[in-house]
Structures are given as structure tokens and as C-alpha cells.
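>>> Any chance you could fold what I've pasted below:
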Amino acid sequence: MKPQKLILISIVLACFGLLPRAQAVSPPPDGCYPGFTTAEGCNALNFLTTGAGNTGVGWYSLFLNTTGNFNTGVGGGALALNNADSNTAVGTAAMLLNTTGTGNTAVGTDALVYNDSGTFNDAVGAFALVDNTDGFGNNAFGNSALFFNVIAAENTALGDVALAFNDFSGSGLANNNTAVGGAALFNNVDGSENTAVGTGAGPNVIAGFNNTYVGDFVGSLEVDESNTIRIGDLSNGNGVGSLACFIGGIFNNFQPVGGSVVEVTIDLSNDHLGYDVGPNQGGSVPSVPSRGAPVKRGAPQPAARPDHSALPQRQAKLNDKVEKLQATVAQQQKQIETLTAQLKEQAAQFTAQLKEQAAQIQKVSAQLEMGKPATKVVVNKP
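Numbers count the residues shown, from 1 in each chain. A predicted model of the protein is given here:
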């Protein structure tokens, strides 16, 4: 290979060697990069180095990810600070502040936006699990479900604002709750091991534990309690509750009354179940008090949305992280400008060297032309 070509290749390789430090996911092809990586959008996956299997689509999505693997960020700012593995964020600012949390899924605007190191959380819906920082194993499906959860774990909320105030205190006591239905267990703060199925079920549970509520608005007439089961009882707020009860598996399970067998009793004034020791003392069957038809309930009014202003310290934390992100961006921009200047300088040097080599080649060519023997004309004689 000619010497001038070796010089040219060396200079070009030196220039390309600077590119990974300036912007790891360029130059083109458009959107498709090594390591099963896809990046589209302003500064998406801007600093990726060894991470593989990442997809960043949107303004600053997965911006600071360098070594994290198998992440998907779709939307402006999705997973912007992330450098962990196996996170999926779809929606503007979804998991914006996540740094080391792994195995999370966030779908919706601001879903899991505060999550920092929490793992294996699933949030589907705008503002779902929005305040979660270190909680793990939580599942939130619905607008603002588990909205204020900070560090509590293993909660499941399915429905609009279900378990919205869970762990509002940030004490981490509100664990293992399950709420299915709009505004179910809405006011729970530090209660644990509660299960509520039905719209508005368990609205007065705040710190109670081990409760089970089944039915719309069950528990509306009761104060905070623990170790209680309520299934369609009078506590649902309409003063009537369910008017009939059918439970299978009893009719063919005959038990003689006596010994360890007891009689189940019910207080007809409040549906409270209890028991008494048999045998049955006889007498007439108590008459059931007359009950009117259930009061027709209008459409439930939307529950009040949680107020961000109640948590200024969390807003301050967000502001601090945003300021750090801006400082990082500014610092990186300076680095890019410095590297760009270095590239321009090297390019100028490279151009000068090329010009010098071209002049040398022309000089050598001229010398070769001068050293050639004169052309002889051969005349054919007859």
C-alpha cells in the first residue's frame, strides 16, 4: 500500500476514535446501531456505551443510559436518568427519574416518574405510582392508582385512584393491600393486608389491617377497623345491604349440633355474624325485620384527586434532580463542544497534510517526467 494512503487511514481512524466519546450512538444509519439498539429523537440514548438491547424513542429518552441493558423508553424524557436493566417506560416523563431500579413497567404520562431504585413495579395509567421511589412489587392499573405510594411494597390497585393515598406518610407500613374498583381503599395510609373489591369499598380504612370488603361502598358507614370481613352488609351506605345470601357447599355438609359444632347466629339489626353452642334450644324461627327496597344510588361522584402541593419536599426532590440533570447536560455539552473543536483542528491538520502530500506527489511526478528519455521516432526504410 502506498505511504500516502497509510497516512490517510491513520488520520481518519484517529478522528473516528473520538466519536464514541462525543456521541455514542452516531454516526448513522438512522435509528439503527450496534448491540440491538434503536435510538430516535433528540439526544435519545445519547451516551450509550456497552449497553445492549435498548430502545430509546423520544426527546432525551434513555439519555444517560450507558451500560444498562434491555430497556425501552418511548416518550419525551422516558427513563432519562436510567442506567439499570429491563425497564419499560411508555409515556411522557414515564420513569423520568429512575436510576438503578430494575424490572419496572410504566405506561402513561408520569407513571412511576419518581421511581429511583424501586424494582419490579407495574404502573399502567397516567400518574400511576407517581410518587414511588423505593417500593417494590407494586401493581397499579388506573389513573392515579397508588398515587402517593413511596416505599410500601407488594400492593395491587386496579381502578381509578384505587389506593391513592397508600403510604402517604412514607412510613412503609402500607404493604400487601389489594384494591379492585374505582376509589377502592382510597384513604388508606398505613393500613396493611387489606382487601377491597368494589367501587368505593373500604373508604374509611386508614391504618386498619387484615380487613376484607366485598361490594360497592361496603364500609362506608364504619370507622377505621381491623380484622373484619364485610360482604355486602349494611355498612355500604344505603342502609339496606344485600337482601339475600347464597353460599354453596353447605347444604350437603351435614353436621350434628353438639360437641365442637356450633350454631351460626346473625344479629338481624346489623348483619353481624356470630355463633352459639348447640344444641338448638328450639322455639319459633325469629321473624326477619321488614326492609324496604334498596335506595337507588346515583352515579358515584369522582373522587377528589390527590394534591401535589401536599408534598413540597417531593417537589423539591424533583427540582433537585432536574437541576442535576441540567448541570449534567451543560457539562456534557461543553465536552461535546471541546471534542468538536478538537475534531475541527485535527480535520484542518489532516487537510493541510493532504495538501502537502498532493504537492509532494506533484513534485515527484514532475521529476519523473523530466527524467524520462526522449521519445525516438523509428523510420521504416524501403
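>>> I'd like to know the beta-bridge partner residues of T105.
When bridges are called by DSSP bridges, T105 pairs up with T88, D122.
>>> OK, contacts around it?
Contact analysis of T105 by C-beta atoms under 8 Å, 6 or more residues apart in numbering lists N87, T88, A89, N121, D122, A123, V124. Quick note: C-beta positions are derived from backbone N, CA and C, even for glycine.
>>> is it true that the last one touches G108?
Yes. Contact status for V124 versus G108: in contact at 6.3 Å, counting by C-beta atoms under 8 Å.
>>> More neighbours: those two, which one.
More crowded of V124 and G108, by other C-beta atoms under 10 Å: G108, with 28 against 20.
>>> how about the more buried one, what does it touch?
Counting by C-beta under 8 Å, 6+ apart, G108 has contacts V90, G91, A94, A123, V124, G125, A126, F127, A128, N143.
>>> One more: F147?
F127, A128, L129, V130, D131, V161, A164, F165, P306.
>>> now do 7 Å
Applying C-beta atoms under 7 Å, 6 or more residues apart in numbering, we find F147 in contact with F127, V130, D131, V161, A164, P306.
>>> now the residue nearest the centre of the chain: how far from G58?
Central residue of the chain (C-alpha atoms, centre = their mean): A106, 2.9 Å from the mean position. From A106 across to G58, the span is 14 Å (C-beta to C-beta, to the nearest Å).
>>> which SSE is Q333 in?
Counting by DSSP states H and E, the element that carries Q333 is helix 312-371.
>>> try G73
With DSSP H and E as the test, G73 turns up in strand 72-74.
>>> That strand: how far from the chain's middle?
Distance, stretch centre to chain centre, for strand 72-74: 10 Å (C-alpha atoms, centre = their mean, to the nearest Å).
>>> what do you get for stretch 120-136?
6 Å.
>>> First residue to last residue on that stretch, what's the distance there?
With C-alpha to C-alpha, to the nearest Å as the measure, stretch 120-136 spans 6 Å from end to end.
>>> what does it contact?
Taking C-beta under 7 Å, 6+ apart as the rule, stretch 120-136 contacts 103-119, 137-153, 314.
>>> now, which of these lie within strands?
Judged by DSSP state E, strands contain the following of the contacts of stretch 120-136: T105, A106, V107, N139, A140, F141.
>>> Sort out which one of the residues you listed lies nearest A330 for me.
Checking the ones in strands among the contacts of stretch 120-136 against A330 with C-beta to C-beta, the nearest one is A106 at 27.3 Å.
>>> Give the residue spans of the stretch 1-150 of the chain that score low on pLDDT.
Within the stretch 1-150 of the chain, the stretches with pLDDT under 70 are 1-29.
>>> Recalculate using a threshold of 90.
The model of the stretch 1-150 of the chain has pLDDT under 90 over residues 1-36.
>>> What ranges does it have for its helices?
Here the stretch 1-150 of the chain has its helices, by DSSP state H, counting those that start in this stretch, at 3-22.
>>> Between which two of the contacts of F147 is the distance greatest?
D131 and V161, at 13.4 Å, using C-beta to C-beta across those.
>>> what about stretch 344-351, average pLDDT?
The average pLDDT within stretch 344-351 is 76.
>>> Can you show me the CA trace of that stretch as PDB?
Once non-C-alpha atoms are left out, stretch 344-351 reads as follows in PDB (Å, rounded to 0.1, in the frame of the first residue of the first chain):
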ATOM      1  CA  LYS A 344     -12.100  20.500  13.600                       C
ATOM      2  CA  GLU A 345      -8.400  21.100  14.500                       C
ATOM      3  CA  GLN A 346      -7.500  17.600  13.500                       C
ATOM      4  CA  ALA A 347      -9.500  17.900  10.300                       C
ATOM      5  CA  ALA A 348      -7.600  21.100   9.500                       C
ATOM      6  CA  GLN A 349      -4.300  19.400  10.200                       C
ATOM      7  CA  PHE A 350      -5.500  16.500   8.100                       C
ATOM      8  CA  THR A 351      -6.400  18.800   5.200                       C
END
